[in-house]
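Asks: Generate a structure from the sequence data that follows.
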Amino acid sequence: MKKALFLCLSLLIIIIPCVAQQSLVFEGMGTWYNARNAALMASHARLPFGTQLKVTNLENNKQVTVKIGGRIQDNLGILLDVASPAADLLQMNLAGRTRLRIEVMPRAAKILVTRSTDRDLVQEGGALRLSEGEQLTAGHPSLAEGSRIRITNLANGLQTNATVMYRIRASKSRIVEISDALGERLEIENFANVKVESIID
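Replies: Next up, the predicted model:
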């Protein structure tokens, strides 16, 4: 009995890592949306935020790697909604749908995100609210993807925590881009002066 149990456990130890390293591949129709930043992002119905995908345009074999940062409805027959910077690289059909293949990058191929060394970062400046994003996410010029920040609206004192999902170009008038969800929490319609602090959860 003990030998049989040991054999089963040994097989699981061998099989589970192998399965975890395999890539998941899907094919279906893709659309695109006009993004207000230069990040290579995409939206999917169920894949976790931050998941990296290799996307192939099956009509011309153009490829690009994107990161999931939004949601789409699961009943529209759409596999992936791609941000315009990535759609341009894929040369997607801008007038309609494009047949795509998406490959979920295996764990071994993912770039492990480390926390920013700017642990004591405190900045004041402008925040631009984007017309997309149902999660508490933001873009920042220097903080690493995955960094946690606290944003305070200096006009009303409201504050909330967010995750940095992409980089933006540094600007004197803008230190952070915020999602719709963050804008609602902070009561920012388009633009406001904020304080950004790096935090460790």
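
Asks: contacts, neighbours, all on C-alpha from now
Replies: Noted.

Asks: What helix or strand is residue 87 located in?
Replies: helix 84-90 (DSSP states H and E).

Asks: Quick one: distance of that helix to the chain centre.
Replies: Helix 84-90 sits 15 Å away from the centroid of its parent chain (CA atoms, centre = their mean, to the nearest Å).

Asks: Kindly report the same for stretch 85-105.
Replies: 17 Å.

Asks: and if you look at stretch 189-200?
Replies: On the basis of CA atoms, centre = their mean, stretch 189-200 sits 19 Å off its chain's mean C-alpha point.

Asks: which of the residues in it are buried?
Replies: The neighbour-count check on stretch 189-200 (16 or more other CA atoms under 10 Å) flags 192, 193, 194, 195, 196, 197, 198, 199 as buried.

Asks: Give the rounded mean pLDDT of the helix holding residue 87.
Replies: Averaged across helix 84-90, pLDDT comes to 91.

Asks: and after that helix, which helix or strand comes next?
Replies: Remark: after helix 84-90, the chain's next helix or strand is strand 98-104, criterion DSSP H and E.

Asks: Return the subset of the buried residues of stretch 189-200 lying in helices.
Replies: Judged by DSSP state H, the buried residues of stretch 189-200 include no members of helices.

Asks: Greatest separation within these: which pair is it?
Replies: For the buried residues of stretch 189-200, with distances taken as CA to CA, the pair at the greatest spread is 192 and 199 (21.0 Å).

Asks: could you say which helix or strand contains the residue nearest to residue 148 when sequence neighbours are not counted?
Replies: Distance criterion CA to CA, 6 or more residues apart in numbering; nearest residue to residue 148, sequence neighbours excluded, is residue 163 at 4.7 Å. Under the criterion of DSSP H and E, residue 163 resides in strand 159-167.

Asks: contact partners of stretch 144-162?
Replies: Stretch 144-162 has contacts (CA atoms under 8 Å, 6 or more residues apart in numbering) with 113-116, 136-138, 163-167, 182, 185-188, 192-201.

Asks: Okay, now the sheet partners of the strand holding residue 163, with direction.
Replies: Under the criterion DSSP bridges, strand 159-167 sits next to strand 137-140 (parallel), strand 148-153 (antiparallel) in its sheet.

Asks: Check those for me: which has the lowest mean pLDDT.
Replies: When these are compared on average pLDDT, strand 137-140 comes out lowest at a mean of 88.

Asks: what residues does that strand touch?
Replies: Applying CA under 8 Å, 6+ apart, the set of residues contacting strand 137-140 is 162-169, 175-179, 182.

Asks: What segments of the chain are strands?
Replies: For the chain, the strands defined by DSSP state E cover 24-33, 41-44, 52-57, 63-71, 80-83, 98-104, 122-129, 137-140, 148-153, 159-167, 176-178, 191-199.

Asks: any chance of those strands in JSON lines, plus distance to residue 92?
Replies: JSON lines is the format used below for those (distance: least, CA to CA, whole Å):
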{"stretch": "strand 24-33", "distance to residue 92": "8"}
{"stretch": "strand 41-44", "distance to residue 92": "13"}
{"stretch": "strand 52-57", "distance to residue 92": "7"}
{"stretch": "strand 63-71", "distance to residue 92": "11"}
{"stretch": "strand 80-83", "distance to residue 92": "9"}
{"stretch": "strand 98-104", "distance to residue 92": "6"}
{"stretch": "strand 122-129", "distance to residue 92": "27"}
{"stretch": "strand 137-140", "distance to residue 92": "25"}
{"stretch": "strand 148-153", "distance to residue 92": "33"}
{"stretch": "strand 159-167", "distance to residue 92": "22"}
{"stretch": "strand 176-178", "distance to residue 92": "26"}
{"stretch": "strand 191-199", "distance to residue 92": "32"}
